[in-house]
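Student: missing the sequence, but the structure's below:
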């Protein structure tokens, strides 16, 4: 932050965005928090929520699936970001289009497409049985593995782009310098490339994790009613059980979870950024 | 739901165009001249309401009917927000939502004096002392893939047969058509329909044995039928006649059977809103929908049972098939507890 405490008029440029978000996001959020606390006995809604073992299953489902989606996105996304940062001209433009264009296809359409791909007679099953990895056709649809594969496909651009934006600023000569000093490719990757791109990785993780933890449409279509997450439970509480207190409670728990991840990752990236 | 073809007739186009011009020119004149009746209902009802019901009614009563198609819960919300100054007169909603409307004191009871056709209905078609009536009832049986199954299913017990591992789809309890799965399971363990609705414990225990057979539990009906039509799923149960038979009529390789234990009637309720504008016209509208003439025209294209005694059963549903009526007040009282137990016990 700046050393002087004098008011900077530039800050006024943020006023429209701040006003907009206060009205359409901040206030409703306050109402939501109010709803979860009011009603029968203040914090008892939260106490009741955490006393129920099923809530922990739901919380576990949410965190585990989001963490796996984030991991898959990182493993697939990092090398892609690396290639993207090194490429130039037509190749770079082509890769960027390939990453960004699918974002214009609706989530519902993608989820339906995955439904076809993950079926017993779907492409994945055919490839694995063809290669002899599976003895007989298997179904990935309506399994947690299927959910992770499908969701990772939808969220991977949000991992690639932040990492790419950091990597493209890294001087490629740093790697060459390390090589001249005798560092092996593996050593260079883990000791030079990864630390330099950490802020991007952390931003990507924060993006993908918070989106994967709160996804609603993808689990409803790819895994269905038998796998409840905080987001699907919130929807069900409001829309079908008309239990606004339970809905607000699960929504606040989900919010706390994602805010926790975002705050922790920005702290982490600031510390690492300062060290780099 | 494209029950009837949505092609606009020359008359509707003309009247629409004339109406639009008049509205722009002098809105107050139009309102002053004809009586207007606003009916709230499901978006899926729009085709048959606007093509069959509205023209007949407007002609007979010299008025204008506006149909607002949305979801039952949205209709409920509109009625709550406008309490004391209602603009809608009639509402067509699912029975579970009707119960909520009764609790909020939003409905004006139907009487044979105001709607004479009320006395022509089959037993069990009116609810909570005439607060609302069922005009059409889609029925729930078992839908199956004709490609995957050589012999059609004949009993609700077929869903539980171990040879259909991973091939069965059932609706979620959050969907209205999903509730009878609990009752069908309960009936298989023995006990009267009344007893198994009040105490669903046996039904839940039986359903737990269905888990290995489950491909999925759907909340989105089109997705489930997609899987059935492509042969990934073999059976959906309970399946709604209004959806399954419409898909069959469209050429999908599926069919719907009535299990030997009987089928369940789905609720399609109609009611007059308390404090409705044009109350007389509102009761006349309800009366027409309960009449044999309109029901006969609608039962075929909506693949539903008529509730007027004078209308025969639809093809495909033999005279010997029992039609179970569901106690919706009991459902309303217990549904949230059932959903809670369902989420815990039916999870992957």
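Tutor: Perfect, I can see it now. Predicted model, so just to flag it, every value in this text is computed and none were measured.

Student: where does the stretch 1-150 of chain B get nearest to chain A, which residue?
Tutor: Proximity of the stretch 1-150 of chain B to chain A (C-beta to the nearest C-beta) peaks at residue B:73, 7.5 Å away. C-beta: built from backbone N, CA, C; applies to glycine.

Student: residue 202 in helix, strand or coil?
Tutor: I'll assume chain A. Under DSSP: H, G, I helix; E, B strand; the rest coil, residue A:202 falls in the helix class.

Student: quick one: low-confidence ranges for chain B?
Tutor: Within chain B, the ranges that satisfy pLDDT under 70 run B:1-33, B:315-316.

Student: for chain A, what's the longest helix?
Tutor: helix A:53-86 (DSSP state H).

Student: need the residues of chain B near chain A, please.
Tutor: B:73, B:100, B:166, B:172, B:174, B:214-220, B:223, B:226-227, B:230, B:232, B:335-336, B:339-340, B:343-344, B:346-348 (C-beta under 8 Å from any C-beta of the partner chain).

Student: in strands only, show me the residues you listed.
Tutor: B:214-218 (DSSP state E).

Student: which residues of chain A lie near chain B?
Tutor: When proximity is defined by C-beta under 8 Å from any C-beta, chain A lies next to chain B at A:54, A:57, A:112, A:115, A:119-121, A:139, A:141-144, A:220-221, A:223-228, A:233, A:236, A:239-243.

Student: cutoff 6 Å now
Tutor: Contact residues, chain A versus chain B (C-beta under 6 Å from any C-beta of the partner chain): A:54, A:119, A:142, A:224-228, A:240-241.

Student: by neighbours, which of those residues wins?
Tutor: Counting neighbours by other C-beta atoms under 10 Å in any protein chain shown, residue A:225 leads these with 28 neighbours.

Student: residues contacting it?
Tutor: Residues in contact with residue A:225 (C-beta atoms under 6 Å, 6 or more residues apart in numbering or on different chains) are B:172, B:217, B:219.

Student: buried among the residues of chain B next to chain A? Need that as a selection in PyMOL.
Tutor: Of these, the buried ones can be selected in PyMOL as follows, counting by 16 or more other C-beta atoms under 10 Å in any protein chain shown:
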select buried, chain B and resi 73+100+166+172+174+214+215+216+217+218+219+220+223+226+227+230+232+335+336+339+340+343+346+347+348
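
Student: quick one: the closest residue to residue A:226 other than its chain neighbours and residue A:189, what's the gap?
Tutor: Once flanking residues are discounted, residue A:226 sits nearest to residue B:348: 4.6 Å by C-beta to C-beta, 6 or more residues apart in numbering or on different chains. Distance, residue B:348 to residue A:189, using C-beta to C-beta, to the nearest Å: 38 Å.

Student: same question for residue A:233.
Tutor: 41 Å.

Student: more neighbours, these two?
Tutor: Set side by side, residue A:233 and residue A:189 show more neighbours around residue A:233, with 25 against 15, by other C-beta under 10 Å.

Student: let me see the ranges of the helices in the stretch 101-250 of chain B.
Tutor: Ranges of helices in the stretch 101-250 of chain B, per DSSP state H, counting those that start in this stretch, are B:179-188, B:193-198, B:201-208, B:221-229, B:241-249.

Student: TSV for the ones you listed, including distance to residue A:81?
Tutor: Compiled in TSV, these are given as follows (distance: least, C-beta to C-beta, whole Å):
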stretch	distance to residue A:81
helix B:179-188	47
helix B:193-198	58
helix B:201-208	47
helix B:221-229	34
helix B:241-249	45
